[in-house]
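A.B. asks: Got a predicted structure here, sequence first:
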Amino acid sequence: MIKWAIFGAGNISNSFVKNIKQVENSKIVAVVSKDKEKIKKFCRVNNISNEICYSNYSELMHLNFDVAYIGLINSLHEEVINLLAKNRKNILTEKPAFLNIGDFNKTLEVVKKNKIFFMESMMYLHHPQFNKIVEIISNNEIGKIYKLEYKLGFDIRRKFLGFKKKIKFLSRLTDKKLGGGAINDIGCYPISFSNKLANINEKNNIEKIKSYGKIGLTGVDEFANAILTYQNNSFVSDITVSINKKQDGLAIITGTKGKLIIPNLITPGKNYSLIVNEKEHNFFGNDLYTYIIRDTQNYIDNRINEPNKSGLNWNEMKLNCEMIDLWKSQIYKSN
């Protein structure tokens, strides 16, 4: 039985907890949030006893649990990861694990020193859809891949008299102090996917990143595009993220023999589809987080600290951080 401690009582933790209950050999033994009203509601909605609900992160350090899930706002990840690592607690953290490469490098040393399991929650990499994507490419169904086009985004602008207003309000997505901005919040998805694809070609050395974007009134990037060029122009990714415009969410991989279109790369449902050379293929699966929960439990059962099959290993996390840092620096310097 794998015992879970849940850090955070927001929407993403709600989704995660609902999926934990579908996975065998899983048990929630603690939930913590500094917002006492939110934790009460969270426990009531998810039928969790108040006896295992806490309002202080440090209170959980003396408890016996196998792994902590961090579903907090971006700016709190590094602090809580370090707290858990220093207390030798295994960790699955929501993305982005870190807001810069400096925090990643310092914290990874703590993780290694304390010999714990540590993984960033990229749920789409654990879903069967990702394996099918790799299989289609490996089987040469679209030939040698050389391009990715991917736009991911949503529109948080508020309406007034039927018109969309400029983003002036502060929230976890718009406040720089909370790790807001399109790149911080969702840029890790296209970056990580692009790097995974380039690795299939064994041409994963990044040569150039060329970016443009828009910084909003609150000081965070609301829109950002990047052209990623890999070794010898062998693979190029054109990626876009936004919080001021809804994007179609299609990921299009082009090869020498055709195209693979992925209608929903990041959050595939129980029924999902892939379009290979204009032919649609339909598949059926389980709820999204059940896969990463099972993979996490398998790693812990087998005493594997660094992901070595599904998900991101630590070198991949480092490369993603470095590229995201460069992407952000280009956007902010040009505005």
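C.D. replies: Cool, got the structure. Because the structure is a prediction, the values reported are computed rather than measured.

A.B. asks: Give the bridge partners for the closest residue to M317 other than its chain neighbours, please.
C.D. replies: Counting by C-beta to C-beta, 6 or more residues apart in numbering, the nearest residue to M317 once its immediate chain neighbours are dropped is E120, at 5.7 Å. The C-beta positions use only the backbone N, C-alpha and C, and glycine is treated the same way. Beta-bridge partners recorded for E120 (DSSP bridges): T93.

A.B. asks: same thing with G153?
C.D. replies: S242.

A.B. asks: Tell me if I'm right that it and Q247 touch.
C.D. replies: Yes - between G153 and Q247 there is a contact at 3.9 Å, judged by C-beta atoms under 8 Å.

A.B. asks: so what sits against both of those two?
C.D. replies: 240-241 (C-beta atoms under 8 Å, 6 or more residues apart in numbering).

A.B. asks: of the two, who's got more company?
C.D. replies: G153 (21 against 16; other C-beta atoms under 10 Å).

A.B. asks: for the more buried one, what are its contacts?
C.D. replies: 182, 186, 223, 240-247.

A.B. asks: What separation do you get for it and I215?
C.D. replies: 16 Å (C-beta to C-beta, to the nearest Å).

A.B. asks: go on, G8?
C.D. replies: 28 Å.

A.B. asks: And those two? Which one has more around it.
C.D. replies: Neighbours around G8 and I215, counted as other C-beta under 10 Å, are more numerous at G8. The numbers are 25 against 17.

A.B. asks: That one: what's its closest spatial neighbour, skipping adjacent residues?
C.D. replies: G71 (3.6 Å).

A.B. asks: pretty sure the one you found contacts G10?
C.D. replies: Yes - at 6.2 Å, G71 counts as touching G10 under the criterion of C-beta under 8 Å.

A.B. asks: quick one: which of those two has more around it?
C.D. replies: More crowded of G71 and G10, by other C-beta under 10 Å: G71, with 22 against 16.

A.B. asks: What residues does that one make contact with?
C.D. replies: With C-beta under 8 Å, 6+ apart, G71 has these contacts: 6-8, 10, 12-13, 16, 94.

A.B. asks: if I look at it, how far off is S13?
C.D. replies: 4 Å.
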